[in-house]
Each structure stands twice: as C-alpha cells, then as structure tokens.
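K.L.:
Curious how this folds, go ahead:
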Amino acid sequence: MRLNLRIIFHLMGLLLLCNGGFMLLAAVVSGFYQDGATLSITLASITTMFVGVFSMYYTRGHKKEVKQKEGYIIVTFGWVIMSISGMLPYLFSGVVPDVTNAFFETVSGYTTTGASIMDDIEAMPEGILFWRSLTHWIGGMGIIVLAIAILPLLGIGGMQLFSAEAPGPSADKLHPRITDTAKRLWLIYFGYTIAETILLQIAGMSFFDAVNHAMATLSTGGFSTKNASIAYWNDQPLIQYIIIFFMFLAGSNFVLSYFAFKGKVQKVFKDEEFRYYAGFVIVFTIIVALVIYFKANITDITPGYPMVLGKAESSFRHALFQIVSVITTTGFVSADFTQWTPFLTIFFFGLFFLGGSAGSTAGGIKVMRHILIIKNGVLEFKRTLHTNAIIPVRYNNKTVKEKIVYNIIGFLVLYMLLFIIGALVLGFLGLDFESAIGGAASSLGNVGPALGSLNPVSNFNSLPVLAKWWCGFLMLAGRLELFTVLILLTPYFWKRT
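P.N.:
Below you'll find the model as predicted:
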C-alpha cells in the first residue's frame, strides 16, 4: 500500500493554519497589554499560516481518504509540526532565544506535561505567557480532534485519526458520527474553561491569571503565570479548592460529563473507572494528609483558623491538591512534596505511573488499564486452579475481549521498558539517580514536576541539551500513548503491503 503523501501534507498545512490562528489570538492579548511582543508573535503567526496555506495549496486535488498508516503519521508528525511552529513566538520575541529550550517549552505545552525551562516566569510578556498556556489548551483535547471537526468541510472522514489519537480501551461515543463527537467534546472543554475562569476571578484572581490557569487546569497541563505556581495563593484556600475541583473533572472521562449534562447522572456513578478514580483520590488524600499532619513540618497554616484547625485544614488541602494534581498529571504545585517525608516522596513517585481516566485530558497509564491488568492478574489464580474453565475479565459488567487485555499488557510492558530506557539515558547524560528516574517518569507520564534536581519548586533548565531533546521525545510518546509514535520506528510499518 502506497502512502497518500498529498493528504498527509495537506492536513499538516491545515494544522499549521489553525496554529497560526491561535497565535494571532496571543498577539491580540500582547497588544492589549502592550508588552512589547506583539510584532514578534504576529510575525510568527503569519509565517506559520503562510507555510500552512502553501502546503494546502500545493496538495489540493488529493485523494480524500485517510487510511490507518496515514492516520498514525498525521497524528505523530502533526504533533511534531505543531511543536516546531509553536516555538516561533518564543524565538522571534527573544524570550527563549535557544532552539532547544524553545522546543522543550513548546512540546511540554502541547503534550500538557508542564515541565518548564523558564527561570523567571513573572518577567515574561503577557502575550508569551498567554501563548504558553494556549499550547496547553490546544494540546489538552488534542489538535487532531479539533481538526476532525473541520474535516467534513473538506470531504474527509476522520475515524482513523480519532482511533490513532486515542488508542486506549475506551470505546465510548457521544454520537455515531466522529465529527459530532469531537464537537461535543470541545463544547464541554470550552464550557469548563469559561466556568473556571469566572469562578477563579470571583475568588480573587486577576482576569489574566484566571484565564491562563483555567486553560492549564482543563488541559491538565500545569503551566502557571507565577514562579511559585499555585503556592502563590496559599493564603487564599478558595482559589486552590476551585482548581482542585476542575483538575478532578479534567482527569475524569469527558464522556461522563456529557452524560451528566444530559441528566444521566447514574451512568457517572455506575462507571467502574470513575469509582476507582474517585476512590483513589479519597484514600490517597487521607493517607497523605495524616502523614503531613503528624510527620511533616507545615509552616503554611490557613489564616483565620485556630492553630489546630488551621494545621488540619492546610494538611488536608495540600494533600488533596497534590494528590489530584499528580494523579491527573496536571503538575500544579501548592508545596514541595519532596520535602515532606521520604515516605511521601516515594509515594508521589509511584503516583506518576497512575494517570487519570481514559477519555480525559490526563496523561499517564490511565486508571482503566490498571483496573483491567489487576483484574486479569487476580483471575490468573482462578485459571491456574481451574485449567479448563473460561474465566473472562469483566469491566462495567461486560466481558472484555482478550485482544484488549493483550493490548493493555503490551502497553504496560512497553511503558515500563521505555521508562527504564528513559532513566538510563538521563543517567548516562549526567543526571543523578533520583533526577533520572523522576525525570523519565514525569516526562513519559506528562506529569511535570519530578524528583531530585527537577523537584516541584525547580525546573528543567539545568538539563543538558541532549537530555532536553530526549525528554521531549518521552513527552510526545507518552502523550500519544506509545503505540502511535513507536510504531513509526518499526521497519515493517514502512514496508509496502
């Protein structure tokens, strides 16, 4: 089978056109605040859109069919192209003059990892900060899903792209037509962003900070406009509770949000993954809050409370905030959890591998995969005792096909193998043990904060050049759930069939 290169380049052009349009929005914000970066961002936008229009024009008349191979190429290279074009505002404005750092910051944004090389975020022009948050927001739901909503205008079906974008075990659909599914997902996503912006502003944030943090929250990204991240508002608990609530929503399956809005609330609570997801948050929060209260040295006591109640509330809030932030791979920081106790450092490192729900904007392995792999492991005991019995894995009271179970096992093996290789490479490039394993787990899981020299109150600027590119690859592989990226590295993918 020959690749349809014309449709691939045509859709790359479409993505660049969309990306350039978003840059114009950042240029408008820059102009409003008169931050001195308006011309640079506008030039980046024009350059990006020109290349996009050029690519679309010279590939017009293409065969309007996207097959499976083209789907994988478009998704992976689409993300790469978006990251390459997305670093232009940083480079043209001189805010990040180095290509390596600019690419790292951009791919971290689009993959919603939230790891940054910025040393002084608050000194950045408002237009650049807005663009930085916007890369989160675009990548959160997936620029490919956005493109799927536009493809009918071009007469192109997008099912292959959606399956490559979300290759996990979830097969929920809001509507039989994939384009309508994409539109409904974006509507929910946009609505949540508006709602959080309004609530954060009411709670005391400036409008600019509220918009940026809402985009970073719903995308489970974690870029903040403050050097201290959400710890900047430690004396305003309401702001942190609002962010916790929307991080939790962003880490849950967006299909469940759709059902809730349609009045089918019982479907939400009957969903097995959601129950485990909520249960993990509750149990882990209680454990961490107790350890903080009795073992950690908490200096941030909630103002206006008596000492005992203030310490209890602060312990609970920081525990809940960091648990939700890490599980959903948002990566916001209210405190440096690596300074609490060695037990909690190891505990949070383990949570780097959990991830949010399938069908959410969160990264990581995903709760659903953990549920199914644990269930299959437990059933192996029964199969050992009853060798002739057929004992299938069940999920939401339905039998799970063996093919899906094998896919999940393969995913977990690949994930852990890539984590080990990732840590080895970072160690080879000069990182200490704690920083290497933390950086690899955080990048692959799109978490953001890591351990060691990459701890929650530090950044990734200290990484060697090659380590930044390697972490960028891990972020991309993790965001696209491994198979979509790694399949392109296999020789048989490129063989004609």
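K.L.:
Name the spans of the stretch 351-497 of the chain whose pLDDT lies under the cut-off.
P.N.:
497 (pLDDT under 70).
K.L.:
Repeat that for the chain.
P.N.:
1, 62-64, 143-179, 298-308, 497.
K.L.:
what's the single longest helix in it?
P.N.:
For the chain, the helix with the greatest residue count under DSSP state H is helix 5-33.
K.L.:
buried stuff in that one?
P.N.:
7-20, 22-23, 26-27, 29-31, 33 (16 or more other Cβ atoms under 10 Å). Where C-beta positions appear, they are placed from N, C-alpha and C, glycine not excepted.
K.L.:
For that helix, which helices and strands make contact with it?
P.N.:
helix 38-57, helix 68-86, helix 88-93, helix 126-141, helix 143-154 (3 or more Cβ pairs under 8 Å, 6 or more residues apart in numbering; DSSP states H and E).
K.L.:
repeat that for 7 Å
P.N.:
helix 38-57, helix 68-86, helix 126-141, helix 143-154 (3 or more Cβ pairs under 7 Å, 6 or more residues apart in numbering; DSSP states H and E).
K.L.:
and residue 413, which of those is closest to it?
P.N.:
Comparison of the helices and strands packed on helix 5-33 against residue 413 by Cβ to Cβ identifies helix 68-86 as nearest, at 19.9 Å.
K.L.:
Which other helices and strands does that closest one contact?
P.N.:
Checking 3+ Cβ pairs under 7 Å, 6+ apart, helix 68-86 ends up next to helix 5-33, helix 99-110, helix 143-154, helix 159-165, helix 483-486.
K.L.:
Can you check what angle separates the helix or strand hosting residue 186 from helix 126-141?
P.N.:
Assigned by DSSP states H and E, residue 186 belongs to helix 178-203. Orientation note: helix 178-203 sits at an angle of 130 degrees relative to helix 126-141 (axes from the mean of the first three to the mean of the last three Cα atoms, to 10 degrees).
K.L.:
Counting neighbours, which bits of helix 178-203 end up buried?
P.N.:
178-179, 181-186, 188-189, 192-193, 196-197, 199-201, 203.
K.L.:
now swap in stretch 367-383 and tell me
P.N.:
For stretch 367-383, using 16+ other Cβ under 10 Å, the buried residues are 367-373, 375-376.
K.L.:
now do stretch 252-261
P.N.:
Applying 16+ other Cβ under 10 Å to stretch 252-261 flags 252-260 as buried.
K.L.:
Can you tell me which of the residues you listed lies closest to residue 387?
P.N.:
Nearest to residue 387 among the buried residues of stretch 252-261, with distances taken as Cβ to Cβ, is residue 253, at 36.5 Å.
K.L.:
Might one say that the closest one is in contact with residue 356?
P.N.:
No - the pair residue 253 / residue 356 is not scored as a contact, 8.7 Å apart, by Cβ atoms under 7 Å.
K.L.:
returning to what we had before: after the helix holding residue 186, next one along is what?
P.N.:
For helix 178-203, the following helix or strand on the C-terminal side (DSSP H and E) is helix 207-218.
K.L.:
can you redo the buried residues of stretch 367-383 as JSON lines with distance to residue 352 and secondary structure?
P.N.:
Formatted as JSON lines, these follow (distance: Cβ to Cβ, whole Å; DSSP: H, G, I helix; E, B strand; the rest coil):
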{"residue": "367", "distance to residue 352": "14", "secondary structure": "helix"}
{"residue": "368", "distance to residue 352": "17", "secondary structure": "helix"}
{"residue": "369", "distance to residue 352": "15", "secondary structure": "helix"}
{"residue": "370", "distance to residue 352": "13", "secondary structure": "helix"}
{"residue": "371", "distance to residue 352": "18", "secondary structure": "helix"}
{"residue": "372", "distance to residue 352": "20", "secondary structure": "helix"}
{"residue": "373", "distance to residue 352": "17", "secondary structure": "helix"}
{"residue": "375", "distance to residue 352": "22", "secondary structure": "helix"}
{"residue": "376", "distance to residue 352": "23", "secondary structure": "helix"}
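K.L.:
List the contacts of the residue nearest the centre of the chain.
P.N.:
In the chain, the residue lying closest to the centroid (Cα atoms, centre = their mean) is residue 112, at 3.6 Å. Taking Cβ atoms under 7 Å, 6 or more residues apart in numbering, we find residue 112 in contact with 136, 139-140, 219-221, 361, 363, 446, 479.
K.L.:
TSV for the buried residues of stretch 252-261, including distance to residue 281 and secondary structure?
P.N.:
Shown next, in TSV, are the buried residues of stretch 252-261 (distance: Cβ to Cβ, whole Å; three-state DSSP):
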residue	distance to residue 281	secondary structure
252	10	coil
253	15	coil
254	17	helix
255	19	helix
256	15	helix
257	17	helix
258	21	helix
259	20	helix
260	18	helix
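K.L.:
Let's verify the residue of the chain positioned farthest from its centre: helix, strand, or coil?
P.N.:
The centre of the chain is farthest from one residue, residue 388, which by Cα atoms, centre = their mean lies 43.0 Å away. Under DSSP: H, G, I helix; E, B strand; the rest coil, residue 388 falls in the coil class.
K.L.:
and it, what are its phi and psi?
P.N.:
phi -100, psi -10 (degrees, to the nearest 10).
K.L.:
And the one 5 residues further on, by the same measure?
P.N.:
The main-chain torsion angles of residue 393 are listed as degrees, to the nearest 10 and equal phi -80, psi 140.
K.L.:
same thing with residue 394?
P.N.:
According to degrees, to the nearest 10, residue 394 has phi -120, psi 140.
K.L.:
That one: what's it in contact with?
P.N.:
Listed by Cβ under 7 Å, 6+ apart, the contact set of residue 394 reads residue 400.
K.L.:
So what's the residue count around the closest residue to residue 12 other than its chain neighbours?
P.N.:
Closest residue in space to residue 12, ignoring its immediate chain neighbours: residue 81 at 5.4 Å, by Cβ to Cβ, 6 or more residues apart in numbering. The number of residues packed near residue 81 is 22, by other Cβ atoms under 10 Å.
K.L.:
again, but for residue 3
P.N.:
Applying other Cβ under 10 Å, we find 13 residues neighbouring residue 3.
K.L.:
Now do the same for it: helix, strand or coil?
P.N.:
Applying three-state DSSP: residue 3 is coil.
K.L.:
Is it correct that it is in contact with residue 68?
P.N.:
No - with contacts counted by Cβ under 7 Å, residue 3 stays clear of residue 68, the gap being 11.0 Å.
K.L.:
so what sits against both of the two?
P.N.:
Joint contacts of residue 3 and residue 68 (Cβ under 7 Å, 6+ apart) do not exist.
K.L.:
how many other residues sit next to the nearest residue to residue 21 once chain neighbours are set aside?
P.N.:
Nearest residue to residue 21 in three dimensions, chain neighbours excluded: residue 49, at 7.1 Å (Cβ to Cβ, 6+ apart). Residue 49: 20 surrounding residues under other Cβ under 10 Å.
K.L.:
what residues does stretch 487-497 touch?
P.N.:
By Cβ under 7 Å, 6+ apart, stretch 487-497 touches 1-2, 72-73, 76.
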